[in-house]
Structures are given as C-alpha cells and as structure tokens.
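Q: predicted coordinates and the sequence they were generated for:
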Amino acid sequence: MNNKLLSGIGVVALVIAIFYFYWWNINTSSNKNYQDLTKQLKVSHIIHNPDKKLLSFSLVDHNNNKFDNNNFKGKWTLLSFIYTHCPDICPTGLMDMSILKSTLIKRDVNIVPSLVAITFDPARDTPSVLKTYVTHFDKDFLGVSGDQVQINQLIRPFGTYYERVIYAKNGKSTVLKNDEPLPKDALESGYLINHTAWIYLLSPDGQIFAGFPAPHNPIKMADDIELFIKNY
C-alpha cells in the first residue's frame, strides 16, 4: 500500500474521528441522561425529550404583546395552564407558584424561573382579565391568552388535558372536548373546565424539562428546581 493511500486513509479516519467527537458532544450536551437525577428528586418528574419539541405558536400576553416560542428561551420558566373561572385548582396552583418563587428568592439563588400562566379559556380570559387575575397572586406573573386553536396545539406536547362542561337549567351536563366549538349561549350560561393540574418547568432552550403533579409542595418543588438548574 503506497504512502498516498495510507495518507488518504489517515485523513478519512481523522475526519470520522472529529465528526464523531463533535456529534457525541452535541448530543450529550443537548440530550443528557437527566434520569440520573430521578433518585434525588422529591416531587417532580423529568419529562425532558429532545425529540419532542414544542411546535411554533403565537399568542398574546396580558400586556397585549406577542408571546411565542422566543419567550421561553434564554431563561427558566414555570408554566401553568389555567382559567380564571376555576373555583379551586387554579388559584391554589398559582399561589403555590408564587410561594415557590419567594422560597427561591429567600434562599438567595442566582436563577429564579419566570412565572407564566396560559389560559385554556381565551373566550372569557382576555388579556385584561388575565392581567388582573394573575397579578393578584404575584406581581411578576405573566398571563397569556390568544387563539383557541393555537392554545390547543401548544398544550399537546405537555400531555395536558381539558374538557368544558356545560350545565343545562335542568341540571343535565354536556361535556365538550377541547376541539369542539362552544354553543352560542355558553358564554352567557357559563361552564366549567375539567383539566389536569400539573405545573411545568421549561429550560432555557425553550423546551419542556420537568413536571410537578398536584398536590403541589412549593418547598420541595424549589429543592428540585435548584437541582435541575445546577445539573443543566
């Protein structure tokens, strides 16, 4: 075998080695095995999946500014899906998120996640309604509303579920799935929304990282969040 051939094989081998090195580093940095942390977690579940990314969406925040994927990038975010007519679960969850934030601040941590609440119910939860509602729990909360179809698409990767329940005067109830349109008189007669009550943590790459099922324990949630940020 001549020297040129040997040299060519060496170059190819070097290129392959370099490619593998960068491929391995990129994938291990963006696809870490965070499952190693599960034994240390107190109340959360890691749902990080680099192959299951959020779809592009465009909504509006309670200041009437555009809210899209970019709003989740470059920072940690605590996210809850709510509706303002909720009698119990939503206000409890928002209060827990506020307590969690205060807990992290008192611990003097370097990074405190942003607080975001996205409504299931944009027909009633306009930006101004959301602003009054969510800032009652914490001045730094940001409420998000917008197009119902966009919201329905956004919640899918989270595994979040909701259904609207309309009660007739005779007490009979009608359950509507999230993709079914509301009857014309539903806004006047009113309705409730059955829904999952998880709180989610999004990482600075703008993707779902972890979830906290109800009932929530803000102190233990803060412990897990500190662990996530430290090992991200």
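A: Nice, I can see it. Numbering: from 1, shown residues only.
Q: quick one, helices of this structure?
A: With DSSP state H, the ranges of helices along the chain come out as 3-30, 89-106, 127-137, 148-155, 186-189, 218-231.
Q: let's see the fifth one as CSV, backbone CA atoms only.
A: Same thing as helix 186-189. Extracted in CSV, the C-alpha atoms of helix 186-189 (Å, rounded to 0.1, in the frame of the first residue of the first chain):
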residue,chain,number,x,y,z
ALA,A,186,-72.4,29.0,26.5
LEU,A,187,-70.7,32.3,27.4
GLU,A,188,-74.0,33.6,28.9
SER,A,189,-75.0,30.4,30.7
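Q: elements contacting that helix?
A: strand 162-167 (3 or more Cβ pairs under 8 Å, 6 or more residues apart in numbering; DSSP states H and E). For glycine as for every other residue, the C-beta is placed from the backbone atoms N, C-alpha and C.
Q: and the strand it packs on, which residues are buried?
A: Across strand 162-167, burial judged by 16 or more other Cβ atoms under 10 Å covers Tyr162, Arg164, Ile166.
Q: by mean pLDDT, show me the worst of the helices of the chain.
A: Mean pLDDT is lowest for helix 3-30 among the helices of the chain, at a mean of 39.
Q: how's this protein carved up into domains?
A: Domain ranges of the chain: 1-30, 34-161+196-231, per automatic domain parsing.
Q: please identify the most buried of those domains.
A: Neighbour counts (mean count of other Cβ atoms under 10 Å) averaged over each of the domains of the chain peak at domain 34-161+196-231, with a mean of 17.
Q: just how off-centre is that domain within its chain?
A: 5 Å (Cα atoms, centre = their mean, to the nearest Å).
Q: and stretch 157-165, end to end?
A: 23 Å (Cα to Cα, to the nearest Å).
Q: please apply the same query to stretch 38-47.
A: 11 Å.
Q: and for stretch 153-168?
A: 29 Å.
Q: and stretch 41-56, by the same measure?
A: OK, stretch 41-56 end separation, Cα to Cα: 30 Å.
Q: ditto for stretch 77-88
A: 23 Å.
Q: what's in contact with that stretch?
A: Outside of stretch 77-88, the residues within contact range by Cβ atoms under 8 Å, 6 or more residues apart in numbering are 90, 93-94, 97, 100-101, 113-121, 124-125, 129-130, 133-134, 155, 158, 160, 162, 190, 192-193, 195-196, 198-202.
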